[in-house]
Structure formats: C-alpha cells, structure tokens
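Enquirer: what follows is a protein structure lacking sequence information:
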C-alpha cells in the first residue's frame, strides 16, 4: 500500500508539473527572444563571419610559410642530370655523351621550406583591409537592427496576447449575460408570460455570442503560439502573460523631427552608408590589378636519393610583376563602379522607405488616439443604455429585442475600446521601431 501511495504521489507531481503554466513578464519575454530567436541568432553569425574575414584580410601582409616533401623517379636525361646536380654527385664521367643521352633511373627526395612575403601589392591589400573593416561594421549595424526588430515583434506579440485575453474575458462575460437572458425567457415562455418569438430571439443571440467565444478562445491560443515563436520557445511549453497593459513610451516629436531622428538612428540606414563605402573600396581593389606588385621569396631545399637530407641549397629573390595587358581588368573595374552606383541608389530607396514607414505609423498613431477617445466614451454611453433599457424592460415598457440589442451594443463597444487600446500601444511601439530608437536591453546585447 505504501509503495502504491508513493507511485500515485509521483504520478500526481509529474502530471502537475507537465501541465504547469509558466508566467512570463514582458521583460522576460524580450530577454528570452534576444537569446533564442533563431532568425536573430542566424544574423549574429553573419557578424562572426564578417569578423573572421576581417582577421583573414588583416593578416595579408604576414609571411606565408610553406613546407613540402616530394619523391620522384625518372629516367629523363634532363631530370637525371639535375638530380645528381641537386645532390652534388656530379663526376667527370657524367658528362660523357652516352651517360647524358641514356642515364640510369634516378630517385630524388626533396624537402622544401619557403617563405613568401608581400612587400607591395599596388594598394590591393590596403583596399581589402578597408573593405573588410567596413563590412564588419555594416554587419554589426544590421545585427543591431535585427535586435530591434526582435524586441518589437516580441513586444507586439505580448500586447496581442494581453488583448486576446481581455477579449476572451469580455466574450465569457457576454456569454454569461446572454445565457441568463435565454434562461429567463425560456422560463417566462413556459409560464406563457411572453411570446415564443422572444425565447427564440434570446436563444439565437446566445448562439451567436457562444460562437464569438469560441473564436476568442482560438485567437488567444494563436496569440500564445505567436509569442512563443518569436521568443524561440518550444510550442509545447505552457505560458501565461500579465493581464495589464505595459507602459509604452510615446514619442512627442513632430513628423519632420521624426524624419531627422530616423536618419540618425536607423541602424539599417547607417548600414546602407557602409555598403556604399564598401563598394567604393571594391573599386580600389579592382583598380589595383594594374599596379606594380613586389614580393620577397626565400626558400631552403634538401635533396637526397633516399629518405634523407644529404644536400641542401637556399635562395632569396625579389619578384616584381606588372600586368601589361589583362582583358578582364576593364570589365572588373566597370562592374565595381556599377556596384558602387547601385548601392547609392539602394540607400536612397531605403531612405524613402524609412520615411514612408515613419509617416504611415505617425498617421496610424493619430488615428489610434482619436479612436481610443471615441471608444472610451462609447463604452460609458452603451453601459448606461443597458441599465436604462433593463429598467424599461422590467416595467414592461419595451420589448426583449431592445434589451438584447443594447447588450450587444455594449459588448461591441467594449471590444472596440479594447481594439483601440491595443492599436494605440502598438502604434506607439511601431513609431519607436520605425524611428530606430526602440531600446534593446543592454544585458543581452552582443
């Protein structure tokens, strides 16, 4: 019995923990998303790639040290004579015509150690270093913008969960109210105190409200799923949010000032400036192909006719090279210049997009403020109307349909007020994001 009790207790604990709902604050949701959102993590890797490329190009002036080992068997007259020369085994008999023309097969084992040092590359390495540095900064800016977008999407999803939860409560309250009306009319119909049509009207209205309740429950579940997706959280986790609206800072600037702020703070717009600079450096890279290049090469070689190091020789040389003609250079340079012009136009297009986005959100915010004020007043009026109609209906001065319509108007007014509150806060949040001033928690920045 004792063992069964222990097993039953463990089962209860397991089931309870499996279905436990984890409450999540807005701050926790944002921090979790910044650490686990897969799209953001992928963008972060682009920063890492750009940094590694920068380190690679930055080391271009460092020497290249190579070690090689080779083995060769040959009866080629030239190879046979060279092999003996490499191994310092030449004798006077080796100059006889018969030996020169018909040598024996020779074996040569060569170990080579070489050092190549670029002294001057016509400005190519400097241009590549500049371009990689610019690209690294550009990727950092794009990552900053991706962080802001993740914060915005998380907060927007969180607001949507709160709105869906409030809508669900309104639907439940409305269902209960109309259920009471349906029960009352059914009782009065059985007592033949009202006509059957009133009972049917109450039942139809109740069915409509129940359908809206089902929709509200689905919307709430979908809102939770959307928040989990943005947070990078497994969908089988059960979570809940706070039920009160968070405080969203409202920007008080006029439209022209918001344009100026967006131009200054939008990280993707600043990244577009870096793309232009990177394209300009690419022109210098293409142009450097026609410039003089100078390299210093040092090598040591060990030769033997078996696995050994019998003979050794060293060399040091400077190599200067200049392309007198390369048909591909002109097209490369033309392509680089076209790319530079393309980035300028793309930056101009992005600037117009940002300004358009700011204006649209600004106008939406003005609309949301007006709708919120109207909706707040409508709720007060609708609630008062329901109270008055109930009194009139209780005195037999009006029909049931008027009461049902007043109740429905009150529900619609509350939902409109909820929608306007959601739109107002979302518009305030969207304006911060559009201007590029949406704050990213410092503790999770990279």
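Expert: Structure's in. What do you need? A quick note: this is a predicted structure, and the numbers were derived from the prediction, not measured. Numbers count the residues shown, from 1 in each chain.

Enquirer: the stretch 51-200 of the chain: helices as residue ranges?
Expert: Applying DSSP state H, counting those that start in this stretch to the stretch 51-200 of the chain gives helices spanning 77-86, 97-101, 124-190, 196-231.

Enquirer: mean pLDDT, mean neighbour count and distance to residue 27 added to those, as JSON lines?
Expert: To be clear about C-beta, it is placed using only N, CA and C from the backbone, and glycine gets the same treatment. Shown next, in JSON lines, are those (pLDDT from 0 to 100; neighbours: other CB atoms under 10 Å; distance: least, CB to CB, whole Å):
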{"stretch": "helix 77-86", "mean pLDDT": "83", "mean neighbour count": "17", "distance to residue 27": "74"}
{"stretch": "helix 97-101", "mean pLDDT": "78", "mean neighbour count": "10", "distance to residue 27": "87"}
{"stretch": "helix 124-190", "mean pLDDT": "92", "mean neighbour count": "20", "distance to residue 27": "10"}
{"stretch": "helix 196-231", "mean pLDDT": "90", "mean neighbour count": "17", "distance to residue 27": "12"}
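
Enquirer: which among these is found nearest to residue 45?
Expert: helix 124-190 (9.6 Å; CB to CB).

Enquirer: can I get the helices of the stretch 51-200 of the chain in TSV including distance to residue 387?
Expert: Formatted as TSV, those follow (distance: least, CB to CB, whole Å):
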stretch	distance to residue 387
helix 77-86	110
helix 97-101	122
helix 124-190	13
helix 196-231	19
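
Enquirer: how far away is residue 26 from residue 161?
Expert: 10 Å (CB to CB, to the nearest Å).

Enquirer: quick one: contacts for residue 185?
Expert: 194, 198, 199, 201, 202, 203, 400 (CB atoms under 8 Å, 6 or more residues apart in numbering).

Enquirer: ditto for residue 250
Expert: Counted by CB under 8 Å, 6+ apart, residue 250 has contacts 428, 431.

Enquirer: that older thread, okay if I get the contacts of residue 185 as JSON lines plus distance to residue 53?
Expert: What follows is those, written out as JSON lines (distance: CB to CB, whole Å):
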{"residue": "194", "distance to residue 53": "81"}
{"residue": "198", "distance to residue 53": "77"}
{"residue": "199", "distance to residue 53": "77"}
{"residue": "201", "distance to residue 53": "72"}
{"residue": "202", "distance to residue 53": "72"}
{"residue": "203", "distance to residue 53": "70"}
{"residue": "400", "distance to residue 53": "75"}
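
Enquirer: pick out the most distant pair among the residues you listed.
Expert: Greatest spatial distance in the contacts of residue 185: 194 and 203, 12.9 Å, computed using CB to CB.

Enquirer: related to what we said a few turns ago, closest one to residue 257 among the helices of the stretch 51-200 of the chain?
Expert: helix 124-190 (19.5 Å).
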